[in-house]
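K.L.:
attaching a predicted model along with its sequence, questions to come.
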Amino acid sequence: MNAAAAPSDIRQHLLLTAQRIMGGKGFSAVGLNEILTAAGVPKGSFYHYFDSKEGFGEALLEAYFADYMERFEALLTKPGMTAAERLLSYFSFWLETQASHDPEGKCLAVKLGAEVSDLSEAMRSVLDRGTQQIVERLAACIEAAVADGSLIGERDAQSMATALYELWLGASLLAKITRSRRPLVSAMATTRQFLFTPVHA
């Protein structure tokens, strides 16, 4: 990393480097030296940007969710599609990224959730806020799908969004355990059935 780079650029570079490494190894297994070496940043510089590894973890998760929500919003506002089609495009994106072997594309909520929630209340809170943002955005898209007629029948959007997110988090964890995309393919089939089975009053 260029020593003359702006502080904000160095901070972002450290976070992106850590996301790639921790996406593969987890939080506890990765030391600061490994991140700093991979980023090409001197060890003494770390505490200029972060007060501790826990503070770094908070910043990492906050940056991850901010980026995730940008990409999520792009998928849910694609032109020329119904709201239901946008929902499916999001879950298709989830399937392909979480079924890949690229740690950079892995969901940090899945990778770090159980681990850091037991280690740090501050990091657990970031995860909680981030996942709630996702559920709320899913619920808004479900409401839009009912409004545009691409989902038929009355829907409890919040409950449905929560159930879908829980389904996909569980499927992502099982995909890691089994080293197979099968749980994610199954989650997609369940999602289609859940969304498109008509709801009767």
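P.N.:
Structure received. Residues are numbered from 1 along each chain as shown.
K.L.:
show me what the host helix or strand of Y64 is packed up against.
P.N.:
Here Y64 sits within helix 53-76, counting by DSSP states H and E. Helix 53-76 makes packing contacts with helix 7-25, helix 83-99, helix 108-119, helix 121-147 when contacts are defined by 3 or more C-beta pairs under 8 Å, 6 or more residues apart in numbering; DSSP states H and E. No exception for glycine: its C-beta is placed from N, CA and C like everyone else's.
K.L.:
mind putting the ones you listed into a markdown table with distance to D156 and mean pLDDT?
P.N.:
Shown next, in a markdown table, are these (distance: least, C-beta to C-beta, whole Å; pLDDT from 0 to 100):
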| stretch | distance to D156 | mean pLDDT |
| --- | --- | --- |
| helix 7-25 | 34 | 88 |
| helix 83-99 | 15 | 93 |
| helix 108-119 | 23 | 86 |
| helix 121-147 | 9 | 95 |
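K.L.:
ok now the helix holding Y64, how far from the chain's centre?
P.N.:
Put simply, helix 53-76 sits 7 Å off its chain's centre (C-alpha atoms, centre = their mean, to the nearest Å).
K.L.:
now render the helices and strands packed on helix 53-76 as a markdown table, adding mean neighbour count and distance to R179.
P.N.:
Below are these laid out as a markdown table (neighbours: other C-beta atoms under 10 Å; distance: least, C-beta to C-beta, whole Å):
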| stretch | mean neighbour count | distance to R179 |
| --- | --- | --- |
| helix 7-25 | 18 | 14 |
| helix 83-99 | 18 | 10 |
| helix 108-119 | 18 | 14 |
| helix 121-147 | 17 | 24 |
